[in-house]
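In: output the structure for:
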Amino acid sequence: MTIDDSQQPAPRRGKILEALARAERKVFTRPAPKSANAQMEFLYTRAKRSTKALAERLGVSTRTVQRYRAGQLTTPQKRLQAALVEETESEWQPQVKARAREQAATSTGMVVRVVAHFGFTANGSSDDGRERTILTPISPTYAAEILRLQEAGATESELHPVVAQAITESYFTVWGTRAKGLRADLTDVRSIEFEL
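Out: This next block holds a predicted model:
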């Protein structure tokens, strides 16, 4: 165990944010670095060769960064491993991710597969809320909003209503052709996947 490997808890993202990150990883044209040393070296170059900046970003000491870069350490603790993976994947192939995000936001939209509890609010609705498994496309308008919120650092609770509106529009109201005024609430998400 190295000093500073356990300084801060690993960042924990919610299910929607994790699903968006997985969707972005699926568009990579080359695999991201896998070993801790390769990840550290990649992130070091992205931090403009600043050991101090990289150490602050990962929440470790500058000495820990130096040891990984020198090959003295190779197996990080869980918190550091999670930070290395997350930071590497967030920086990996930015142009490929940007093209996929732009295409989803302007022309193709996204596809969502979700298992969650949906409750409803509408005049005359007799459909009680229940758990559903839904696979449906999301319009480019909603895809753009979801990706914008993700980019702006939105929380899971800020993304829930937008994802619920997107699913309501495409799945429950079939693009506004039925069940006018229906609003679905997305709660208790068991699993969710996006495709860009």
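In: check which residues of the helix or strand where residue 56 lies are buried.
Out: In this structure, residue 56 sits in helix 51-58 according to DSSP states H and E. Neighbour-count burial for helix 51-58, counted by 16 or more other CB atoms under 10 Å, picks out 51, 53-55, 58. Where C-beta positions appear, they are placed from N, C-alpha and C, glycine not excepted.
In: ditto for stretch 132-139
Out: Under 16+ other CB under 10 Å, the buried positions of stretch 132-139 are 134, 136-138.
In: what about dumping the CA coordinates of it to CSV?
Out: Provided in CSV are the C-alpha atoms of stretch 132-139 (Å, rounded to 0.1, in the frame of the first residue of the first chain):
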residue,chain,number,x,y,z
ARG,A,132,-41.2,-1.9,-16.8
THR,A,133,-38.5,-3.0,-19.2
ILE,A,134,-38.4,-0.5,-22.0
LEU,A,135,-36.2,-0.3,-25.2
THR,A,136,-36.9,2.9,-27.1
PRO,A,137,-35.1,5.5,-29.3
ILE,A,138,-34.6,9.0,-27.9
SER,A,139,-35.0,12.0,-30.2
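In: now that stretch: average pLDDT?
Out: Mean pLDDT, stretch 132-139: 95.
In: and it, how far out from the chain middle?
Out: Mean-position distance between stretch 132-139 and its chain equals 18 Å (CA atoms, centre = their mean, to the nearest Å).
In: need the residues that contact that stretch.
Out: Defining contact as CB atoms under 8 Å, 6 or more residues apart in numbering, one finds that stretch 132-139 is touched by 109-118, 146, 166-167, 169-171, 175.
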